[in-house]
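[1] structural data only, the sequence is not supplied:
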């Protein structure tokens, strides 16, 4: 265990070249995660409407099929976290990170070639395998290389990488606004170039290599997550992630679709609707960047558990307040900064979850638990969409907000982080 006095004297200059390389690799992976995540949400309704034969975006079947595709993506994200998490424990963090980036880059680009809605669903599912895996592998890579003192801040910086990737997606969407929606997915091929640098420059961690050597080929399997003292950690982590991510992703998907179909917006041109959605995303993500660093500061002051639980309470209150009554787009844009600010809480999971598990179960445990939440949220996005009337998704967003309340309560029962 690192000496606390030594940690207090550490500065950024004292970090080793390996620590900087792992930090840069994980940050770039997170940034491209954000890019891949939101390319689809920006063009979901117009692209799906096109794939369904040119239906209007307000047609109920368009929203239903769009939510099924998003659900498939979140399900793939969950499987990817478990699958690549296992690869990360067996083959090493650096190798697994390269494979995850290559996976999501290739299959996001393949979405360009979709000719039916189920083609797009398959490509999004496969791309999500890499996105989910990248989170688990990158989080473990950093928890094993960066000093404890810097972990809340590196978590904030990493989450900002996701935010910047989302803004890149918004920017690309604006630049390609006059093109067919499918062209936006070609931007997702760019991260494939990162793989070559990772394989050459990022070494495996000393902690993983030591644990691998000491295991004498008797490595723990996935079943070990549900035995002994690890079982309680696994179950509580799964529950909190499942509930909170369901609510979060219901907002991230449905708020853009709700904006497009507001009564005063439906008569706008596609370009005007795209501009509104882009502005809303900039507001949410811009405030989320501030929330990332506030969450890191809060975690240093009161601990991870209290910071996570307290922020979930605020997220619940703001979501319910924003969607408890019908509001026009001007009013909703006033609520989005606070919603975005609350999203900074998810950056804390990056450094909080991996140390809860033994070294050779680290990416498996963190990836499985965090991403099982995505499997539940895949169903949740579709389920809450059932509350939507034709073109009106307010109730879906309103009821989803209530999930943050039990997530907040259970967060306080989570174990304390270990170094």
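    Perfect, thanks for sending it. Since this is a predicted model, take the numbers as computed values, not measurements.

[2] list the contacts for residue 73?
    40, 124-125, 127-128, 378 (Cβ atoms under 8 Å, 6 or more residues apart in numbering). Bear in mind the C-beta positions are built from the backbone N, C-alpha and C, glycine included.

[3] same check on residue 34?
    Contacts of residue 34 by Cβ under 8 Å, 6+ apart are 161-169.

[4] swap in residue 145?
    18-19, 22-23, 205.

[5] separate out the buried members of the residues you listed.
    19, 22-23, 205 (16 or more other Cβ atoms under 10 Å).

[6] pick out the most distant pair among the residues you listed.
    Maximum pairwise distance among those (Cβ to Cβ): 12.4 Å, between 23 and 205.

[7] if I look at the nearest residue to residue 412 once chain neighbours are set aside, how far off is residue 284?
    Nearest non-adjacent residue to residue 412, counting by Cβ to Cβ, 6 or more residues apart in numbering: residue 309, 4.7 Å away. Taking Cβ to Cβ, to the nearest Å as the criterion, residue 309 is separated from residue 284 by 22 Å.

[8] those two: who's more crowded?
    residue 284 (24 against 21; other Cβ atoms under 10 Å).

[9] which residues touch the more buried one?
    Residues near residue 284 by Cβ under 8 Å, 6+ apart: 255, 336-337, 339-340, 343.

[10] buried subset of those residues?
    Here, 16+ other Cβ under 10 Å leaves 255, 336-337, 339-340, 343 buried among those.

[11] in strands only, show me the buried ones among the contacts of residue 145.
    Residues of the buried ones among the contacts of residue 145 located in strands (DSSP state E): none.

[12] between those, which is nearest residue 331?
    Relative to residue 331, and with distances defined as Cβ to Cβ, the nearest of the buried ones among the contacts of residue 145 is residue 23, at 40.1 Å.

[13] hmm, that closest one is touching residue 141, no?
    No: using Cβ atoms under 8 Å, residue 23 is not in contact with residue 141; the gap is 9.0 Å.

[14] so what touches stretch 302-318?
    240, 244, 247, 295, 298-299, 301, 335, 338-339, 342-345, 348-349, 351-352, 401-405, 407-409, 411-412, 414, 416-417.

[15] what about the helices in the stretch 51-200 of the chain?
    60-91, 93-110, 117-143, 151-175, 194-201 (DSSP state H, counting those that start in this stretch).

[16] which residue is the nearest non-sequential neighbour of residue 113?
    residue 119 (7.4 Å).

[17] what do you get for residue 87?
    residue 96 (4.6 Å).

[18] neighbours of the one you found, how many?
    Counted with other Cβ under 10 Å, residue 96 comes out at 27.

[19] one step back: ok, which of the helices of the stretch 51-200 of the chain comes nearest residue 269?
    helix 151-175 (14.6 Å).

[20] chain center to that closest one: distance?
    Centre-to-centre, helix 151-175 and its host chain are 11 Å apart (Cα atoms, centre = their mean, to the nearest Å).

[21] tell me the mean pLDDT for that helix?
    Helix 151-175 carries an average pLDDT of 83.

[22] which neighbouring elements make contact with that helix?
    Applying 3 or more Cβ pairs under 8 Å, 6 or more residues apart in numbering; DSSP states H and E, one finds that helix 151-175 contacts helix 17-51, helix 117-143, helix 270-302, helix 348-352.

[23] ok, 7 Å please
    When contacts are defined as 3 or more Cβ pairs under 7 Å, 6 or more residues apart in numbering; DSSP states H and E, helix 151-175 sits against helix 17-51, helix 270-302, helix 348-352.
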